[in-house]
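Chemist: What would the 3D arrangement of this be:
(chains A and B)
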Number of protein chains: 2
Amino acid sequence: MTSLDRLLDSEPTVVAAGADLLAAAVEEQGATVYRVDWRPPVSGSAASLPTLAAAGKTFAANRLAVDRMLGVRPMLVDIGTAGECLPDMAERTFLHAGPPVEWADASGPLRGALIGAMLYEGLAESPEQAETLAARGDIELSPCHHHSAVGPMAGVISPSMPVAVVHDDAGDGVAYSTLNEGLGKVLRYGAFAPEVIDRLRWMDSVLGPVLGAVLRTRGPVDLQSLIAQALQMGDDGHNRNRAVTSLFLRQIGSALIDGVDSPSDQRRAVFDFIDGNDHFMLNLVMAAGKLGSDAASGVDASSLVTVMARNGTEFGIRLSGTGNRWFTAPAPRVEGLYLGGFSADDASPDIGDSTITETVGLGGFAMAAAPAIVGFVGGTATGAVRRTLQMYEITLAEHPAYQIPMLEFRGTPVGIDAGLVVRTGIQPQINTGIAGRIPGTGMVGAGLVEAPMEVFVDGIEALAEAVR
Amino acid sequence: MTSLDRLLDSEPTVVAAGADLLAAAVEEQGATVYRVDWRPPVSGSAASLPTLAAAGKTFAANRLAVDRMLGVRPMLVDIGTAGECLPDMAERTFLHAGPPVEWADASGPLRGALIGAMLYEGLAESPEQAETLAARGDIELSPCHHHSAVGPMAGVISPSMPVAVVHDDAGDGVAYSTLNEGLGKVLRYGAFAPEVIDRLRWMDSVLGPVLGAVLRTRGPVDLQSLIAQALQMGDDGHNRNRAVTSLFLRQIGSALIDGVDSPSDQRRAVFDFIDGNDHFMLNLVMAAGKLGSDAASGVDASSLVTVMARNGTEFGIRLSGTGNRWFTAPAPRVEGLYLGGFSADDASPDIGDSTITETVGLGGFAMAAAPAIVGFVGGTATGAVRRTLQMYEITLAEHPAYQIPMLEFRGTPVGIDAGLVVRTGIQPQINTGIAGRIPGTGMVGAGLVEAPMEVFVDGIEALAEAVR
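Modeler: Numbers count the residues shown, from 1 in each chain, chains lettered A, B, ... in the order given. Alright, predicted model coming up:
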């Protein structure tokens, strides 16, 4: 008896997807019908998915890539200077968030941050002069992601800036990030007023050296442990970092009291600066994410998303199996809550490397752990849970260390599979700050945005070509 | 046309409570039936409730009492010494948690803590001698609640101990609590080994003075603000106080670095001690609760529960409208998780003043804010939400400052109405630590327990007599 015979001889059970007409018709004839929520793959990907499936390598490749992403153990070991620490950081190199971009195409906040960084580096004496120099190519622009680094919002890193040095205790990776300046009128949101430059100078002359001394005295800070605890304290790791910042202050407080030689007013100022900024740890969470991202890169045939990043002009991703290639689309607009006096008209499109958090299972993917975040980015607590639950549909794993108490300690959804994104039509969910579109403005709000579908379609197509 | 005519002339709508038989019968005849989840009042209260209703004073009295409970603004202003600060603290007075009890009836952990406190005060040189002195009445026992104070677990306060001084910024109340020693082998869990006594001595010689100096330098700490923030960071205020302890360290860190004259090793030791104990703030949350409890006391005809407290032998409550009278029942057993090597056989019955947290809308009433607590006290995150939701059935208000993000920022259920407890049969939910029953053991676990129904029945009966 063939399996077809058995099918026809027994009571029919029908699984129906798509239009309801067939299901209803069969049901009327007394058959049991199971409706499944299936949709055809996103337009443009129909040819790529069967190619990948036929090659038969992607499943194992994704397993390997996501295991590498989850296998890093990020430790904050020191504070250095960008010019000295970052690989391939030539003189007059200015790093920025997102995929590559030239000055001519740069968004308002990126231009503002570059102007500020040139003033800070002493390359220009006025914003106008900085613009002229940048426009004629006196500085070189390069993405942070090409230099083992990440930066939130404009993400500008210039040679004199202090950077956090994050080592992988389970491998040999190193990742870097700037130190967080606070909210409001700050460089990463495109502001360049004198107060912004003064703060940057204090950060390189006091904050960086004191914090570096503390780390060398007390030893490395285990970032994964802090982030894991913070998710049980209402953080998401992207736009809510109050708990992890509190826990970090607990880690360094005792050395600031009686562990390093710096003058007590400087030690106190460092404590107060971090205490005054609940986003302080964002940059360190990002550097921890970059370690995982880099570890997962370069696995042949893997459709794992290793990078999502935006420069305010374009949104770009990279896949593990397509190496250093960027797939880009216009940066989307953010739905958000605006600070007093600002509205959507003042907003720049989506910007920043901080989507590295979503790439490693935090931020928009972990919002069920952080219901209070909706006061900052908008939406409801129920919606925050729904966002997280939906992300399990497009991810390859549940994070072994980052758990969500409200979901009975289920691990956060982690490891975005570009194949699952195009197959389900579900876009990665991101929460983010919003920068003013006019250079010099600073922060204007915060909100929610979805990664554009085109970049995943293009990525999968390129991957299919590579494995063909 | 009378209202009875209208009832008979129109389509019948039936509201059915209790047994389903009637509802089903009427429904069969085509009438619309609304089933309500009503149960008869708890046995013993049937006579009291109508009396209270007839007197007609309780509704307004409860409104007034709960408004007073919610109107306090607790500020931590200083650290003092019990003997100097607490009202009516005669020499050789030892305070304890819960309702009044004599040595002969004292539970194991209370005896252990009293022995430890006598060793600490130098009244005895050995545990045996302390027991002999206590048994022959050489010390006087008195509930903390009779002295504007509260203490967790055994709650023993002796004259030399440092106490936190909490002022009501919106009135003239003052409340006191001991400082938290940490978990494990500690006095409040009935341990009295030399390490316990040494720690108490360090607390009165270093912790108290340094913390007092910090508070006098930086000014008062706003406890309500810290607790409100902590509920948005996964604390419940009773058995999960990691967030509020972190926020407190942020409040005092800068003064510890560069604000007080104490030697730097002492300042560092104070920071490390608090950092090492995520329950540190429990005692201060309790003192804040005691302010609200005292403010709400003494409102004629009010059935608001102002105190729930246990001494390991009895569980006692007080109502606003029955003044200082205690209503007691045997202390219940706790359902819990046990520390390695211990089991339910080692557990003392329920003990401690820490149920002041539940009395003011925290702890078991706020568990929906603290899903991660189930790792400490048992149960599931879903169960934690269910517990909070049920408490709205027996409370008079939703806390204006203490909000639960996951319930879309709904205020915690606050102001237990003993009338609602007996009318619904719903017992107040408590989470709690568990002490070893043998004096000297210390902590053996943590878990969940319900306030015994008898005390509410007795309280309501006494209130009915008073208003009759």
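Chemist: The lengthiest helix in chain A - contacts with which helices or strands?
Modeler: For chain A, the longest helix by residue count, based on DSSP state H, is helix A:242-258. Packing partners of helix A:242-258 (3 or more C-beta pairs under 8 Å, 6 or more residues apart in numbering or on different chains; DSSP states H and E): helix A:208-218, strand A:221-222, helix A:223-231, helix A:264-275, helix B:242-258, helix B:264-275. (Glycine included, C-beta is placed from N, CA and C.)
Chemist: A:Met89 contacts A:Ala82, correct?
Modeler: Yes: between A:Met89 and A:Ala82 a contact is recorded at 6.2 Å, counting by C-beta atoms under 8 Å.
Chemist: Find the residues that touch each one of the two.
Modeler: Here A:Met89 and A:Ala82 share the contacting residues A:95, A:159, scored by C-beta atoms under 8 Å, 6 or more residues apart in numbering or on different chains.
Chemist: Format the helices and strands packed on helix A:242-258 as TSV; extra columns: mean neighbour count and mean pLDDT.
Modeler: Output for the helices and strands packed on helix A:242-258, formatted as TSV (neighbours: other C-beta atoms under 10 Å in any protein chain shown; pLDDT from 0 to 100):
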stretch	mean neighbour count	mean pLDDT
helix A:208-218	20	98
strand A:221-222	18	98
helix A:223-231	23	98
helix A:264-275	20	98
helix B:242-258	24	98
helix B:264-275	20	98
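Chemist: Just tell me which of these ends up closest to A:Val305.
Modeler: Nearest to A:Val305 among the helices and strands packed on helix A:242-258 is helix A:223-231 (19.6 Å), distances taken as C-beta to C-beta.
Chemist: got a list of contacts for that closest one?
Modeler: With contacts defined as C-beta under 8 Å, 6+ apart, helix A:223-231 is touched by A:73-76, A:166, A:235, A:237, A:241, A:243-244, A:247-248, A:251, A:281, A:284-285, A:287-288, A:362, A:366, A:369-370, A:401-404, A:412, B:242.
Chemist: Rounded mean pLDDT for stretch A:288-307, please.
Modeler: Averaging pLDDT along stretch A:288-307 yields 98.
Chemist: End to end on it, go ahead and measure it.
Modeler: Using C-alpha to C-alpha, to the nearest Å, the end-to-end distance of stretch A:288-307 comes to 13 Å.
Chemist: buried ones in it?
Modeler: Across stretch A:288-307, burial judged by 16 or more other C-beta atoms under 10 Å in any protein chain shown covers A:288-297, A:299-307.
Chemist: circling back: out of the helices and strands packed on helix A:242-258, nearest to B:Val455?
Modeler: B:Val455 lies closest, by C-beta to C-beta, to one member of the helices and strands packed on helix A:242-258: helix B:242-258, at 29.1 Å.
Chemist: Enumerate every residue touching A:Met281.
Modeler: By C-beta under 8 Å, 6+ apart, the contact set of A:Met281 is A:180, A:226, A:230, A:241, A:244-245, A:248.
Chemist: And for A:Arg318?
Modeler: Neighbouring residues of A:Arg318 by C-beta under 8 Å, 6+ apart: A:145, A:297, A:305-307, A:324-327, A:459.
Chemist: do A:Tyr338 as well
Modeler: With C-beta under 8 Å, 6+ apart, A:Tyr338 has these contacts: A:344, A:346-347, A:434, A:444-445.
Chemist: Select only the buried ones of those residues in ChimeraX?
Modeler: Buried subset of the contacts of A:Tyr338, written as a ChimeraX selection, criterion 16+ other C-beta under 10 Å:
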select /A:346,347,434,444,445
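Chemist: ok, residues contacting stretch A:396-413?
Modeler: A:62-63, A:66, A:70, A:224-225, A:227-228, A:231-232, A:237, A:304, A:361-362, A:365-366, A:368-369, A:371, A:385, A:388-389, A:391-392, A:394-395, A:414-417, A:420, B:234, B:371-372, B:374-375, B:380-382, B:406.
Chemist: What segments of the stretch 351-468 of chain A are strands?
Modeler: For the stretch 351-468 of chain A, applying DSSP state E, counting those that start in this stretch gives strands covering A:351-352, A:395-404, A:410-416, A:429-435, A:443-450.
Chemist: Parallel or antiparallel, which strands does the shortest one pair with?
Modeler: Think strand A:351-352. strand A:305-311 (antiparallel) (DSSP bridges).
Chemist: what angle do the strand it pairs with and strand A:410-416 make?
Modeler: 80 degrees (axes from the mean of the first three to the mean of the last three C-alpha atoms, to 10 degrees).
Chemist: and the next element down the chain from strand A:305-311?
Modeler: strand A:314-319 (DSSP states H and E).
Chemist: mind listing what that next one pairs with, with the direction of each?
Modeler: According to DSSP bridges, strand A:314-319 has the following sheet partners: strand A:305-311 (antiparallel), strand A:327-330 (antiparallel).
Chemist: Off-centre distance for it?
Modeler: Strand A:314-319 has its C-alpha centroid displaced from the chain centroid by 11 Å (C-alpha atoms, centre = their mean, to the nearest Å).
Chemist: contacting residues for A:Ala301?
Modeler: Residues in contact with A:Ala301 (C-beta under 8 Å, 6+ apart) are A:52, A:55, A:57-58, A:61, A:321, A:463, A:466-467.
Chemist: let's see it at 6 Å
Modeler: For A:Ala301, the contact set (C-beta atoms under 6 Å, 6 or more residues apart in numbering or on different chains) comprises A:57-58, A:61, A:321, A:467.
Chemist: In which helix or strand does it reside?
Modeler: Following DSSP H and E, there is no helix or strand that holds A:Ala301.
Chemist: which of the contacts of A:Ala301 tops the neighbour count?
Modeler: Among those, A:Gly321 has the most neighbours (other C-beta atoms under 10 Å in any protein chain shown), with 29 neighbours.
Chemist: what about the residue of the stretch 51-200 of chain A found nearest chain B, which SS state?
Modeler: Closest to chain B within the stretch 51-200 of chain A is A:Gly182: 15.2 Å, counting by C-beta to the nearest C-beta. With DSSP: H, G, I helix; E, B strand; the rest coil as the basis, A:Gly182 sits in coil.
Chemist: follow-up on the earlier one: and the contacts of A:Tyr338 as TSV, adding distance to A:Arg35 and pLDDT?
Modeler: Putting the contacts of A:Tyr338 into TSV (distance: C-beta to C-beta, whole Å; pLDDT from 0 to 100) gives the following:
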residue	distance to A:Arg35	pLDDT
A:Ala344	39	95
A:Asp346	45	96
A:Ala347	40	96
A:Ile434	40	96
A:Val444	44	95
A:Gly445	40	95
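Chemist: from the contacts of A:Tyr338, which single one is nearest B:Gly312?
Modeler: Taking C-beta to C-beta as the measure, B:Gly312 sits nearest to A:Gly445 out of these, at 54.0 Å.
Chemist: Packing partners of the host helix or strand of A:Asp67?
Modeler: Taking DSSP H and E as the definition, A:Asp67 sits inside helix A:58-71. Here helix A:58-71 touches helix A:282-296, strand A:395-404, going by 3 or more C-beta pairs under 6 Å, 6 or more residues apart in numbering or on different chains; DSSP states H and E.
Chemist: quick one, the longest one and strand A:305-311 angle?
Modeler: The reference is to helix A:282-296. Going by the same axes, to 10 degrees, helix A:282-296 makes 140 degrees with strand A:305-311.
Chemist: Residues touching helix A:282-296, excluding its own?
Modeler: A:65, A:68-69, A:72, A:74, A:76, A:150, A:152, A:164, A:166, A:168, A:173, A:175, A:177-178, A:180, A:223, A:227, A:237, A:241, A:304, A:306-307, A:320, A:354, A:356-357, A:359-360.
Chemist: B:Pro452 is nearest to which of the helices and strands packed on helix A:242-258?
Modeler: Proximity to B:Pro452 (C-beta to C-beta) singles out helix B:242-258 among the helices and strands packed on helix A:242-258, at 29.1 Å.
Chemist: Give me the contacts around that closest one.
Modeler: The set of residues external to helix B:242-258 that reach it, using C-beta under 6 Å, 6+ apart, is A:233, A:246, A:249-250, A:253, A:256-257, A:264, A:267-268, A:271-272, A:275, B:214, B:217-218, B:221, B:226, B:229-230, B:233-235, B:267, B:271, B:274, B:278, B:280-281.
Chemist: Good, wrapping up.
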